[in-house]
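Q: Take this sequence and fold it.
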Amino acid sequence: MNRKRIWGWWFFDWASQPYATLLLTFIFSIYFGEVARTHFIAMGEGATVAGAQAQTLWGTGLAISGVIIAVFAPILGAIADTTGRRMMWIWVFSAFYIAGSLGLWFLAPQQPDLVMALVFFGIGLIGMEFATIFTNALLPALAPREEIGRISGSGYAFGYLGGLVALVFMLLLFAENPVTGLTLAGIPPIFGLDAAAREGTRFVGPFTAIWYVIFMIPFFLWVKEPRLPRRAFGVDRTLADLWRLIASLGQRRSLAAWLLSSMFSRDALNAMYAFGGIYAGTVLGWPVFLSGVFGVVSALAAAVISQLGGRADRAFGPKPVIIVCTLALIAVCIVIVGMDRTMLFGMPLAEGSRIPDAVFFACGAVIGGAGGALQSASRTMMVRHTTPEKATEAFGLYALSGKATAFLAPFLIATVTAMTGNQRIGISPLIVMFLLALVLLHWVKTEGEAKQ
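A: Numbering: from 1, shown residues only. Modelled structure (predicted):
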């Protein structure tokens, strides 16, 4: 194995993880929720309705991005495998990542352009997801089959550690408490950023872009394009090859069941990441800096448990790891639905009780740990159902399975939230999606298919 090449591949996870940690989950999503909720209240809505509208708007934006990713992911994968070019696409979608992140700076608290913010966020999210397809496709060529689970788990652990370090930097140096104007270190945001205009928190977008640019350097220096057969690109032939692969799923029951199972589980998990910050900010009333501390706990748990999950994957295979993690995430969903600031599973809590905060912190640790290990084992399972020559096409289908219904979880959450006016109940569709994922795992073979 080429250790330098593996480290370079791991650096993509380190470089890209802040988009999920800082933007999707713990900083920007909460700031967006705060700004949107305040905006709707200023328009005459009640606080509860305003919170539900903020969650609905966020869910709609994520759903639209998910549809775009679902449509183009398998096509791009087929093109890359046909031409044998993968690094070029990573460069292209890295530009999307950077541009989308930079644009989030413009969401000011006064007269916010919420739609523009969602457009920029979608551009960056699309860039991250598409770049991940091509980097994942490099995994089968990195090491022998028996080492893939460990490498995948270590990559996720390294990525979560990067997200944790980036989050700590944001909390200590930039993200201000809206009341005091000070960061978690007790200082004003550095570089003279205006706390009153929330410039410290808004800097999370440019910070994420700068982080990515710096830490993708080892990736591009150390990871080389594998030598694969190349053909001239032809739209008709490429789409025909893709269609044949999709049609073959009828005879490849294990792969088909795995793609469907991962479709539901990853969609539900991504929704937990995406709506956790909105829930914390609007249901529990957490400010950005407290949610950031919550993020540190979650990211630390993810880094540790992803590493352990990779070792369990190597010892027992990915399927048992996926089952245990899915059960843990179902338990978290049940807790979230049964809790708010005033009660826990129907039991009233004293005014000002910190029990909801402690319980949600524990949920964050489980979400981070189980979510990281689940994604790592899922990546290994996909490798066992493909070959190095067809890896990008397979991971394009994998992205399709993760995004074909990417609109579904945000849509269901937005719809149930709008119908009930209750954000807790709005999370309940995720329980059903995780259960469906578990049922479909029955037909998935841990070792993949005998004939690829």
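
Q: most distant residue from the middle of the protein?
A: Note on the chain: the largest C-alpha distance from the chain mean falls to A350, namely 34.9 Å (CA atoms, centre = their mean).

Q: pLDDT below threshold where in the stretch 51-200 of the chain?
A: By pLDDT under 70, the weakly predicted segments of the stretch 51-200 of the chain are 81-84.

Q: cool, the stretch 351-452 of the chain as well?
A: Short version for the stretch 351-452 of the chain, where the test is pLDDT under 70: 388-393, 396, 399-400, 402-407, 449-452.

Q: As a check, name the ranges of all helices in it.
A: 355-383, 391-403, 408-420, 423-426, 429-440 (DSSP state H, counting those that start in this stretch).

Q: pretty sure the residue farthest from the centre of the chain is in a helix, no?
A: No. Under DSSP: H, G, I helix; E, B strand; the rest coil, A350 sits outside any helix and is assigned coil.

Q: And the pLDDT at it?
A: At A350, the pLDDT value in this model is 83.

Q: Check which residues of stretch 38-54 are buried.
A: Residues of stretch 38-54 classed as buried by neighbour count (16 or more other CB atoms under 10 Å): T38, H39, F40, I41, E45, A50, G51, A52, Q53, A54. Glycine gets a C-beta too; all of them are placed from N, C-alpha and C.

Q: Output it as CSV - backbone C-alpha positions only.
A: The C-alpha trace of stretch 38-54 is given here as CSV (Å, rounded to 0.1, in the frame of the first residue of the first chain):
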residue,chain,number,x,y,z
THR,A,38,-36.7,36.8,13.3
HIS,A,39,-37.7,37.8,9.8
PHE,A,40,-41.0,36.0,9.9
ILE,A,41,-41.8,37.4,13.4
ALA,A,42,-41.1,40.9,12.0
MET,A,43,-43.7,40.1,9.3
GLY,A,44,-46.3,39.5,12.0
GLU,A,45,-46.1,35.7,12.6
GLY,A,46,-46.1,34.2,16.0
ALA,A,47,-42.9,32.7,17.4
THR,A,48,-44.1,29.1,17.0
VAL,A,49,-45.3,29.6,13.5
ALA,A,50,-42.2,31.5,12.5
GLY,A,51,-40.0,28.7,13.7
ALA,A,52,-42.0,26.2,11.7
GLN,A,53,-41.8,28.4,8.6
ALA,A,54,-38.0,28.7,9.0
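
Q: Now do it: everything it contacts.
A: Contact partners of stretch 38-54, identified using CB atoms under 8 Å, 6 or more residues apart in numbering, comprise 32-33, 36-37, 109, 112, 114, 278, 282-283, 417-418, 421-423, 426.

Q: Let's see that with 10 Å instead.
A: 32-37, 57, 109-112, 114, 278-279, 281-283, 285, 414, 417-423, 426 (CB atoms under 10 Å, 6 or more residues apart in numbering).

Q: can I assume A328 is in contact with A362?
A: No. With contact defined as CB atoms under 10 Å, A328 and A362 do not form a contacting pair (11.5 Å).

Q: higher neighbour count, these two?
A: Counted by other CB atoms under 10 Å, A328 and A362 do not tie: A328 has more neighbours, with 18 against 14.

Q: Quick check: that one is in a strand.
A: No. Counting by three-state DSSP, A328 is not part of a strand but helix.

Q: Identify each of the helices in the stretch 101-250 of the chain and give its residue range.
A: 114-136, 148-173, 199-202, 204-215, 217-222, 235-247.

Q: who touches the third one?
A: This means helix 199-202. By CB under 10 Å, 6+ apart, helix 199-202 touches 27-28, 30-31, 34-35, 104-109, 170, 173-178, 181-183, 188-195, 287-289, 292.

Q: Quick one, which of the residues you listed are buried?
A: Among the contacts of helix 199-202, the ones that count as buried (16+ other CB under 10 Å) are 27-28, 30-31, 34-35, 104-105, 107, 109, 170, 173-178, 183, 188-189, 193, 195, 287-289, 292.

Q: so how far is the longest helix along the chain off the chain centroid?
A: Using DSSP state H to define each element, the chain has its longest helix at helix 47-83. Averaging C-alpha positions (CA atoms, centre = their mean, to the nearest Å) puts helix 47-83 12 Å from its chain's average.

Q: How about the contacts made by G250?
A: A256.

Q: What angle do helix 114-136 and the helix or strand containing L269 make with each other?
A: In this structure, L269 sits in helix 253-282 according to DSSP states H and E. Here the directions of helix 253-282 and helix 114-136 differ by 140 degrees (axes from the mean of the first three to the mean of the last three CA atoms, to 10 degrees).

Q: which of the residues in helix 253-282 are buried?
A: 254-282.

Q: Ok, stretch 215-229 next?
A: Quick answer for stretch 215-229 (16+ other CB under 10 Å): F215, M216, P218, F219, W222, V223, P226, L228.

Q: Now F434. Nearest residue, chain neighbours left out?
A: I330 (4.8 Å; CB to CB, 6 or more residues apart in numbering).

Q: and A409, how many residues sit next to it?
A: A409 has 27 nearby residues by other CB under 10 Å.

Q: how close does it get to P178?
A: Plainly put, A409 is 30 Å away from P178 if you go by CB to CB, to the nearest Å.

Q: my read: F316 touches G149, true?
A: Yes. Counting by CB under 10 Å, G149 is a contact partner of F316 at 9.4 Å.

Q: More neighbours: these two, which one.
A: Legend: neighbour count by other CB under 10 Å for F316 and G149, higher for G149 (27 against 14).

Q: Now the more buried one: closest residue in space, sequence neighbours ignored.
A: Going by CB to CB, 6+ apart, G149 has D313 as its nearest residue, at 3.4 Å.

Q: Centre of the chain to the helix or strand hosting that neighbour, how far?
A: Element membership for D313, per DSSP H and E: helix 288-316. Chain-centre distance of helix 288-316: 13 Å, with CA atoms, centre = their mean.

Q: Let me know the average pLDDT across it.
A: 78.

Q: quick check: angle from it to helix 204-215?
A: 40 degrees.

Q: could you redo the helices of the stretch 351-452 of the chain as CSV and give each row distance to V321?
A: Below are those laid out as CSV (distance: least, CB to CB, whole Å):
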stretch, distance to V321
helix 355-383, 4
helix 391-403, 17
helix 408-420, 22
helix 423-426, 29
helix 429-440, 13
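
Q: how about the closest residue to G205 other than its chain neighbours, what does it touch?
A: Nearest residue to G205, sequence neighbours excluded (CB to CB, 6+ apart): L104, at 3.1 Å. Contacts for L104 (CB under 10 Å, 6+ apart) come out as 22-23, 27-28, 31-32, 116-118, 120-121, 124, 202-209.
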